[in-house]
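Q: I need the structure of the sequence given here:
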Amino acid sequence: MTSLIARRLTRVVRDRSATTPVLLLEGPRGVGKSTLLDGLAAESDAVVIDLDREDYLQLALNSPSAVVGEDTPVLIDEYQKAPSLLDAIKARLNHETRPGMFVLAGSASYDSLPQGTQALTGRIQRLPVMPLTQAELDATGNDLIARAFEGDVEHHVRTATASRDEYVDRVMRGGMPLALAQPTEADRSRWFEAHVGQSIQRDAGELRRIGRKSDLRDVLTRTAGQTASVLNVSKVASDVAPSWDTTSAYIELLESLFLVRRLPAWGMTVLPRSIESPKVHVVDSGIGAHLLRLSAAKMKRLDPSSLTEFGHLLESFVVQDAIRQTTWMDAPVSAGYWRTRDNVEVDLVLERHDGAVVAIEVKAGDHVKRTQLSPLVALRDRLGSSFAAGITFYTGGTGYEVDDRIHVLPIERLWT
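A: All right, here's what the predicted structure looks like:
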């Protein structure tokens, strides 16, 4: 199934690589970065230098200038295994700089590398490559988020078709291409375990010295348990062995490996009385469910604990899907969440570079009370004309506009 999925980023990668000397594709392992590189290689008759291969890795470590001195475009996969390549690229760019010279791909954040914060400043453009969106999986071409920035939020006459059970199934599957290719839920669970194991046992050690890897796994599990919540490092540290400082460093490492994502507070410079602490989200809801030992059967039960767990994972699922749609857009978009000291909170605030804002709330219920829309209304009233749209996504079936620029939509409108 996944071999037939067309990534919306294919065009973006082609366009961006034509405008910048160095394009960096970064995201989790197994998410499709190598496939995007292979596509560029086929178009340009280039060779992908894959540093997961030992021969290429040794060449990159021992002769980085030889690797980056190849005819352009130079395409390097898992570049973070040989960070000295960045200095060699910089040296070449000092002699000649033109668009489309290098396309790198890596499964560790650029910021996590010692040389990464300085070597190519101003010469590199970073493009996140994350798990597949539901619109890509369903091949619908949906651009809801981009349209919302223009105030174009459609309310279809027909009701949505997704049931709560279908939402559970989508949340449990997530968007990792190789996990989606597994034939059964048990096979998918084994893939998730292998992916997490490789990240903890191998990839983390390549970035940082780890004391006990079991502690890192525990920190990951406890952090996933806080998904869609304000990050509480002290609570994670109290549940596991490491100190607060070590726990904080481990969470940063897990973010560098694209297992979790800290969503920063938004509005600190725009709106008074906004809190500063980030929220945390699992990058892939399927991996999150696996870490928390949640099965589809348990998530579909209506007992209170399952409803709470489903609500948190559903929020992360929607937030990540919406953010990924912004990576297709031409204009840069930043993401955060807004919460005041009076506990008025909006789950996701997307701000375009021109100041336009789309705000999103996520509800696991099948109806929305008007009082639940008050955070979106409060944000609209404070921002005025820069507030393009406020959307509350829910598991109900009807989309409608409640008030000026305040909308309620079925979650499936993100992909249908």
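Q: now the helices for the stretch 201-350 of the chain?
A: 204-207, 213-224, 233-239, 244-256, 285-291, 296-300, 304-326 (DSSP state H, counting those that start in this stretch).
Q: so of those helices, which one's packed in deepest?
A: helix 285-291 (a mean of 26; mean count of other C-beta atoms under 10 Å). Backbone N, C-alpha and C define where each C-beta goes, glycine included.
Q: hang on, the earlier thing: now render the helices of the stretch 201-350 of the chain as CSV, adding distance to residue 196 and mean pLDDT.
A: As requested, the helices of the stretch 201-350 of the chain are exported to CSV (distance: least, C-beta to C-beta, whole Å; pLDDT from 0 to 100):
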stretch, distance to residue 196, mean pLDDT
helix 204-207, 11, 87
helix 213-224, 7, 93
helix 233-239, 17, 91
helix 244-256, 10, 93
helix 285-291, 7, 96
helix 296-300, 19, 87
helix 304-326, 16, 93
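Q: so which of those comes closest to residue 11?
A: Checking the helices of the stretch 201-350 of the chain against residue 11 by C-beta to C-beta gives helix 304-326 as the closest, at 14.1 Å.
Q: For residue 125, which of the helices of the stretch 201-350 of the chain is the nearest?
A: Ranking these by proximity to residue 125 (C-beta to C-beta) places helix 304-326 first, at 15.2 Å.
Q: how deep is the spatially closest residue to residue 225 that is not a sequence neighbour tucked in, by neighbour count?
A: Excluding the flanking residues, the one nearest residue 225 by C-beta to C-beta, 6 or more residues apart in numbering is residue 292, at 6.2 Å. Neighbour count for residue 292, taken as other C-beta atoms under 10 Å: 16.
Q: next one: residue 258
A: Using other C-beta under 10 Å: residue 258 sits among 24 other residues.
Q: what's the residue lying closest to it once chain neighbours are set aside in contact with, if anything?
A: Distances taken as C-beta to C-beta, 6+ apart put residue 28 closest to residue 258, at 4.1 Å, once the chain neighbours are dropped. By C-beta atoms under 8 Å, 6 or more residues apart in numbering, the contact list for residue 28 reads 107, 130-131, 176, 195, 257-259, 283-284.
Q: From those residues, list the buried ones, please.
A: With burial judged by 16 or more other C-beta atoms under 10 Å, the buried subset of the contacts of residue 28 is 107, 130-131, 176, 195, 257-259, 283-284.
Q: so where do the strands sit in the stretch 251-400 of the chain?
A: 260-263, 279-282, 333-339, 345-352, 357-362, 387-394, 400-403 (DSSP state E, counting those that start in this stretch).
Q: deepest of these, which one?
A: By mean count of other C-beta under 10 Å, those have strand 279-282 as the most buried, with a mean of 27.
Q: List the contacts of it.
A: Outside strand 279-282, the residues touching it (C-beta under 8 Å, 6+ apart) are 223-224, 226-231, 251, 259-263, 288, 291, 313, 315-316, 319-320, 337.
Q: rewinding a little: same list, the buried ones among the contacts of residue 28, but as JSON lines with distance to residue 205 please.
A: Shown next, in JSON lines, are the buried ones among the contacts of residue 28 (distance: C-beta to C-beta, whole Å):
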{"residue": "107", "distance to residue 205": "14"}
{"residue": "130", "distance to residue 205": "23"}
{"residue": "131", "distance to residue 205": "24"}
{"residue": "176", "distance to residue 205": "22"}
{"residue": "195", "distance to residue 205": "16"}
{"residue": "257", "distance to residue 205": "11"}
{"residue": "258", "distance to residue 205": "16"}
{"residue": "259", "distance to residue 205": "15"}
{"residue": "283", "distance to residue 205": "20"}
{"residue": "284", "distance to residue 205": "22"}
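Q: picking that back up, any chance of the helices of the stretch 201-350 of the chain in JSON lines, with distance to residue 94 too?
A: JSON lines is the format used below for these (distance: least, C-beta to C-beta, whole Å):
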{"stretch": "helix 204-207", "distance to residue 94": "27"}
{"stretch": "helix 213-224", "distance to residue 94": "39"}
{"stretch": "helix 233-239", "distance to residue 94": "41"}
{"stretch": "helix 244-256", "distance to residue 94": "28"}
{"stretch": "helix 285-291", "distance to residue 94": "41"}
{"stretch": "helix 296-300", "distance to residue 94": "54"}
{"stretch": "helix 304-326", "distance to residue 94": "33"}
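Q: Now find how far off-centre stretch 125-143 is within its chain.
A: How far stretch 125-143 lies from its chain's middle: 10 Å, per C-alpha atoms, centre = their mean, to the nearest Å.
Q: got the buried residues for that stretch?
A: Neighbour count says stretch 125-143 has 126-137, 142 buried, by 16+ other C-beta under 10 Å.
Q: Would you format the residues you listed as CSV with secondary structure, distance to residue 18 and pLDDT included?
A: Below are the buried residues of stretch 125-143 laid out as CSV (DSSP: H, G, I helix; E, B strand; the rest coil; distance: C-beta to C-beta, whole Å; pLDDT from 0 to 100):
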residue, secondary structure, distance to residue 18, pLDDT
126, strand, 16, 94
127, strand, 13, 95
128, strand, 19, 95
129, coil, 18, 96
130, coil, 22, 97
131, coil, 26, 96
132, coil, 24, 96
133, coil, 24, 95
134, helix, 29, 95
135, helix, 25, 94
136, helix, 23, 94
137, helix, 28, 94
142, coil, 26, 91
